[in-house]
Each structure stands twice: as structure tokens, then as C-alpha cells.
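Chemist: what's the 3D shape of this:
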Amino acid sequence: MLKTEKPALQAALSAVIEAVKANSQNPVMSDFLIERAGDGISVTGGNLDIEIRSTCDAVLTDDFRDFTCPAHRLVDIVKNAPEASVSIELIDEGRQVQIRSGRSKLKLPAMAAADYPKLNVARLQHSVSLSSEVLARALSGVAFAAETSDARAHLCGVHVRPMKEGMDVVATNGRIVAKRMIEAIAFDEDISGLPAITIPNKAVRPIENLLSNGEDVEMQFSKQMIVFTVGRTTLTTKLVEGIYPDYQKILPAADSVTSKFSGAALGGAVTRVLIATPDAGYGMSFKFTANSLALSARDMKAGEGEDEVPIEASGEITTGFNGRFVLSALAHLDEDKLELTVGQDAAPARIRAEGDEHNYIILMPTRVRAA
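Modeler: Residues are numbered from 1 along each chain as shown. Model (predicted):
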């Protein structure tokens, strides 16, 4: 039997539940694994690719045995427990677990801990630590641009590349590239010799949740696996295999036109044009002059849209972009004073905060034609 306080147990379960599928084809993978751990218990959940483990204080009797039980139902039971104290006991020769709080007595099926498959964490040769807030901001700034199609599995994640200047955090789907840099000063150690890795898409949101408590994060990793540790919780995930493209070569041409403008103003104009032409899959025209940016789109089945934004530009040029990609880029830039560098024909364009050399989003132009 184990006894613990509801808030402590609830915190541990909440930290782990996101890694557990409610209806896994392998029944035990819909369970939590609950084990003795030091002066308390550990709660583990996973899906064979991602595993989260968190600990909490508890009083255990000598006859306590490790077990598994349905994760989502246990979360709901603890959440609705009527009192601050919760006890959990294996009964019926280990086939059931009984959860008690006050006058409440509920039972769930249980399985032996030996039936639970844990991720095999190989030797992790590398380790770095930094502020959770800094890492979370970098991840959230780029993850939206990652590929989601399994046909290009090597792009289905966030690429992390340590360098002398710091750590690049990058994602791309081939049509948009988002890059943030965590400067070297954010790390206590020299990270320049560490290998580049790619964190899978399905691990990014659980990692962001793990980072939300504000404590520093330690990352231990090899070429195949990475472990994030924050406080009493660890998240382990397999890494994406394959060669990541050289994103550093995807930059505007030397003869590009640079414009400066308000991100909020451009976002509002693009949104208005898209309202009139929601299915304009042929792109939106961006016509730059010295003092204005004229937007237009045509979709004869839906409508037409035009709008204009005041800008300061170094020249005149006309190109096209996917309007929804532009909105996504604007939503993931932290500043309102932005600059957009645009080249001729199919040259990539770069949008960033004014003067920011390290954090930017690359947009690939699209052809604009009448519907």
C-alpha cells in the first residue's frame, strides 16, 4: 500500500499523462507504471517513442509491489478525490488496485510491473543545461514550421545544432524555414563540439509542457535519444533519423529589396484579403514601392481582395506569398518592428525583427495567377 497527498500525486500524474494513449493497441501502454522510488513513488507513462517519468513523496508499506493501472481513469479518480489524502493498494492477488480517499473506494484493473516495456536508454554521452524559459521560447518560435508528412520523415521535427556562437533551433517543411538562436552565454559549458540532433514533432508539445514550470532543464543525449530533466520529472524521446538540410544556405539574394513595417499592420491587411479570398491557393501578390506595400488576391469562385500597408523600402519589386504562411510567420515573431527582404523570381525571402541577425523566418515565394 502507498499513502500520499492528493496535490503531490495529482502533479506527478499530470506531468506524465500526455505521453499515454487512452486506447493503445497494447493495453499496458494505456497504463501508468507505478514503482517504489527512494522515499516515494515514480509514475511512468509512454508510447514506445516517448516516455515521461515523475516522482512524488509517499509512505509505502513493506509489502508494496510495483504495478500498472489505467492512466486516464486514475487521473480522473485522483482529480475528484474528496479528501487531501489518497491511498492505493493492490488487491485480488495483484489483479486490481483500490484507490481510497475519505469514504470513496474505487477499483481499477492492475497488471504486473514486469509487463510494462520501458525505453532502453543507451549511454548518453552529451549533457547541457540552460533556462527552461529560454529553451521553451526557442521551441515555440519554430515548431510550427516543421514538416508533418511521413514521406519526408527527416524534416518531421525541430533541429538543434550547437555551434561556437550558441545553439540554432530550426524547423522547416520546405516552404518555410523558422530559425532561433540560443546564444552561447545561456549555457554554462562550451557546446560547440556537440552533435546536431532532431527532436520529433510528437515530443515537442510534451517538452514545452515540461519546461513550463520555470526550473532549469538538463538535456542528456546521444545520436539516438535525448532525456530532458526538469525538477522531479524526466522526458525521454527517440530522435529523428536522417540528414537535415543545410538551412544556413537558404538566404535572400544579394540584390534583394528590404522593407520595414509594422507586423500588426501587415497581419491585419493579409487577414482582410484572405477573408475575401479564402481559397486563393495561387498565392497573394505583394507589390513593394518606396512607401507602400500593395496586397492583392483573386479567386473568381470566392472573391477579390486588395489592401495596402505603409512601409519603407529600398526599392521596388513584386512577388507572391502564401498568405497563411505569412500570418504564421508574423505570429511567431516577438517584435512589431519588422523587416522583409525579398528577391527576384524564386529567391527565398527573409522576415525578422529589425537588425536581428540570428532569429528569422524564411518564406519561399509562390506564383500568383488569376483563378
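
Chemist: ok, Pro82 touching Arg100?
Modeler: No. Using Cβ atoms under 8 Å, Pro82 makes no contact with Arg100, being 10.3 Å away. In this view, the C-beta of every residue, glycine as well, is placed from N, C-alpha and C.

Chemist: In terms of neighbours, single out the busier of these two.
Modeler: Between Pro82 and Arg100, Arg100 has the larger neighbour count (other Cβ atoms under 10 Å), namely 18 against 10.

Chemist: so that one is in which element?
Modeler: strand 96-101 (DSSP states H and E).

Chemist: Relative to the whole chain's centre, how far out is that strand?
Modeler: 35 Å (Cα atoms, centre = their mean, to the nearest Å).

Chemist: does the closest residue to Val169 other than its chain neighbours count as helix, strand or coil?
Modeler: Leaving out its chain neighbours, the residue that sits closest to Val169 by Cβ to Cβ, 6 or more residues apart in numbering is Ala138, at 4.2 Å. Assigned with DSSP: H, G, I helix; E, B strand; the rest coil, Ala138 falls in the helix class.

Chemist: separation between Ala138 and Ser14?
Modeler: As judged by Cβ to Cβ, to the nearest Å, Ala138 and Ser14 stand 24 Å apart.

Chemist: and what of Met300?
Modeler: Separation of Met300 from Ser14 (Cβ to Cβ) stands at 51 Å.

Chemist: Of those two, which one has the most company?
Modeler: Comparing Met300 with Ser14 by other Cβ under 10 Å, the one with more neighbours is Ser14, at 16 against 10.

Chemist: how about the closest residue to that one other than its chain neighbours, secondary structure?
Modeler: Of all residues not flanking Ser14 in the chain, Val75 sits nearest, at 7.2 Å (Cβ to Cβ, 6+ apart). Judged by three-state DSSP, the three-state class of Val75 is helix.

Chemist: thinking Val75 is in contact with Ala15, fair?
Modeler: No. At 10.9 Å, Val75 does not count as touching Ala15 under the criterion of Cβ under 8 Å.

Chemist: Report whether the expected contact of Leu106 with Val78 is present.
Modeler: No. Using Cβ under 8 Å, Leu106 is not in contact with Val78, being 10.1 Å away.

Chemist: Going by how many neighbours each has, rank these two and give me the top one.
Modeler: Set Leu106 next to Val78 and count neighbours by other Cβ under 10 Å: Val78 wins out with 20 against 15.

Chemist: got the buried residues for the helix or strand harbouring the more buried one?
Modeler: For Val78, the enclosing helix or strand under DSSP H and E is helix 71-79. For helix 71-79, the neighbour count (16 or more other Cβ atoms under 10 Å) marks 71-75, 77-78 as buried.

Chemist: from these, which is closest to Pro245?
Modeler: Ala71 (37.7 Å; Cβ to Cβ).

Chemist: Enumerate every residue touching that closest one.
Modeler: Residues counted as contacts of Ala71 (Cβ atoms under 8 Å, 6 or more residues apart in numbering) are 13, 16-17, 20, 22, 30-32, 45.

Chemist: mind checking pLDDT for it?
Modeler: Turning to Ala71, the model gives it a pLDDT of 97.

Chemist: What of Gly214?
Modeler: We have a pLDDT of 81 for Gly214.

Chemist: Val230 versus the nearest residue to it once chain neighbours are set aside, what's the distance?
Modeler: In this structure, Gly214 finds its nearest non-sequential neighbour in Ser132, 6.0 Å apart by Cβ to Cβ, 6+ apart. Distance, Ser132 to Val230, using Cβ to Cβ: 6 Å.
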